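> Got a predicted model here, sequence first, then my questions.
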Amino acid sequence: MEEFELLEKTELRIENLGLQNVNLTDVANAVADTLEINRDEVLVIDARGSLLTLDIMRDQMRPSSLVGKQQVLFSALGKVAGVTITDETTLCSEGILGWILVDQKLGERSLTQGQQIAANIRSTIARRVIVFATGPEVISGEIEDTNTPTIAAALTGEGYRVTAGGPLDDDIDTIAGVLRSAIEDRGFGIVITTGGVGAETKDKTVEALEMLDTEASTPYLAKFEKGQGRHAKDGIRIGVAKMGDALLVALPGPNDEVVISIQALVEGLAAGEGKELLAERIVGVLRKRMSDFHRKQKHETRGHS
């Protein structure tokens, strides 16, 4: 089950209990075992009079390990030597930890409903796509962005909702920032860029993906000798990365390459492939196209000789 952020509300206060020569490590262990977390993740921060205060030293918890656990927790503490639980004993907790106080049956129903809602939200986000074309020539209007409509047509037919993100300048920080915002602030589950995957200095989209996912899959479409001609880099790469559940895909700029790339992406998504398999599927069809093109050129050259 998904874990939820505690948002710094990590204290459990138990009031109106008896404490007599208590081993605080035993107390912490009883709480940790009840809440299904590691024993070193519970710390007793106050034990005096009839008050016991504990800190849960983690950032996230599964609601299922909390819901309806008040009586179970009291029972576990009552078995610790020197601890006395009475009818007057109460527990106070806030935020996600407040699930401990919820009636178990009601809490379980709420969790089930919440999981269904969360699943529906994730499913909706996964089918929200935004497309960005890169390059000053697109920004200036020198060339028409034919890639975004091509991608939109292919994905809309498969049930995706596609938004045109507009053109991006060839600046790595700008690209990375806009892509991150598309996921974190705007709620898109798939972010696609076209262009900027070449071997020239101006090509930055694959590097922007690597800023967002250091383990992005970036296979080579073609390799060159670095520094030869305009080749500031050692080759042309495409990229597929992940940020949380969201997918980022960097495709080439030529429209005919986008046509076959997006079809490969659609097939890979339908097959439920991860970023490595998706990247290999896309680069595979692009390599085949390149190979077929060179083979055709050689054939035509021989035919004219």
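Perfect, thanks for sending it.
> which residues touch Val283?
219-221, 238 (C-beta atoms under 8 Å, 6 or more residues apart in numbering). Yep, even glycine has a C-beta here, placed from its N, CA and C like the rest.
> cutoff 10 Å now
By C-beta atoms under 10 Å, 6 or more residues apart in numbering, the contact list for Val283 reads 217-222, 236-240, 261, 264.
> Please report phi then psi for the closest residue to Met57 other than its chain neighbours.
Once flanking residues are discounted, Met57 sits nearest to Glu41: 4.9 Å by C-beta to C-beta, 6 or more residues apart in numbering. Glu41 adopts backbone torsions of phi -100, psi 10, taken as degrees, to the nearest 10.
> related to what we said a few turns ago, among the contacts of Val283, which lie within strands?
220-222, 236-237, 239-240 (DSSP state E).
> who's in contact with the residue nearest to Thr10 when sequence neighbours are not counted?
Spatially, and ignoring its direct neighbours in sequence, Thr10 is nearest to Ile56 (4.5 Å; C-beta to C-beta, 6+ apart). By C-beta under 10 Å, 6+ apart, Ile56 lies in contact with 6, 9-12, 31-32, 35, 37, 41-43, 66, 93, 96-97.
> What is the nearest of the contacts of Val283 to Ala250?
Gly239 (3.8 Å; C-beta to C-beta).
> re earlier: pull up the gap between the residue nearest to Thr10 and Ser50, please.
Separation of Ile56 from Ser50 (C-beta to C-beta, to the nearest Å): 21 Å.
> Check Leu247 too.
For Leu247, the distance to Ser50 equals 54 Å [C-beta to C-beta].
> For Ile14, list each beta-bridge partner.
Leu52, Leu91 (DSSP bridges).
> And for it, the neighbour number?
25 (other C-beta atoms under 10 Å).
> Go ahead and confirm it touches Leu91.
Yes: using C-beta atoms under 10 Å, Ile14 is in contact with Leu91, at 5.3 Å.
> so what sits against both of the two?
With C-beta under 10 Å, 6+ apart, Ile14 and Leu91 have common neighbours 52, 70, 73-74, 77.
> Can you tell me which of these has the most neighbours?
Leu52 (25 neighbours).
> what's the neighbour count on Cys92?
Count around Cys92 with other C-beta under 10 Å applied: 14.
> In contact with it, which residues?
Cys92 neighbours (C-beta under 10 Å, 6+ apart): 11-15, 53, 98, 100-101.
> roughly how far apart are it and Leu12?
Distance from Cys92 to Leu12, by C-beta to C-beta: 8 Å.
> intersection of neighbour lists for these two?
With C-beta under 10 Å, 6+ apart as the test, Cys92 and Leu12 both reach 53, 100.
> Just the buried residues from the contacts of Ile56, in PyMOL please.
Selection command for PyMOL covering only the buried members of those, criterion 16 or more other C-beta atoms under 10 Å:
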select buried, resi 6+10+11+12+31+32+35+37+41+42+66+93+96+97
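> Which ones among the contacts of Ile56 lie within strands?
Using DSSP E, the contacts of Ile56 in strands are 11-12, 42-43, 93.
> Looking at those, point me to the pair that's furthest apart.
Every pair of the ones in strands among the contacts of Ile56 checked by C-beta to C-beta; the farthest is Leu43 and Ser93, at 15.1 Å.
> what's the helix or strand for the closest residue to Val83 other than its chain neighbours?
What sits nearest to Val83 in space, not counting adjacent residues and going by C-beta to C-beta, 6+ apart, is Leu77, at 5.1 Å. Taking DSSP states H and E as the criterion, Leu77 maps to helix 70-78.
> elements contacting that helix?
Applying 3 or more C-beta pairs under 10 Å, 6 or more residues apart in numbering; DSSP states H and E, one finds that helix 70-78 contacts strand 11-15, helix 24-35, strand 83-84, strand 90-93, helix 104-126.
> so after the last one, what's the next helix or strand?
It refers to helix 104-126. strand 128-134.
> just for the chain, where's the confidence low?
1-7, 103-108, 110-122, 226-231, 292-305 (pLDDT under 70).
> That one - how does it break down into domains?
4-104, 123-304 (automatic domain parsing).
> mind checking how far the longest one is from the chain centre?
Read that as domain 123-304. Taking C-alpha atoms, centre = their mean, to the nearest Å, one finds the center of domain 123-304 at 19 Å from the center of the full chain.
> Ala176 against Thr205, yeah?
Yes: Ala176 lies in contact with Thr205 (C-beta under 10 Å); the separation is 9.4 Å.
> shared neighbours of the two, which are they?
With C-beta under 10 Å, 6+ apart, Ala176 and Thr205 have common neighbours Leu248.
> Which one's more surrounded, these two?
Neighbour comparison, Ala176 and Thr205: the larger count goes to Thr205, with 31 against 19 (by other C-beta under 10 Å).
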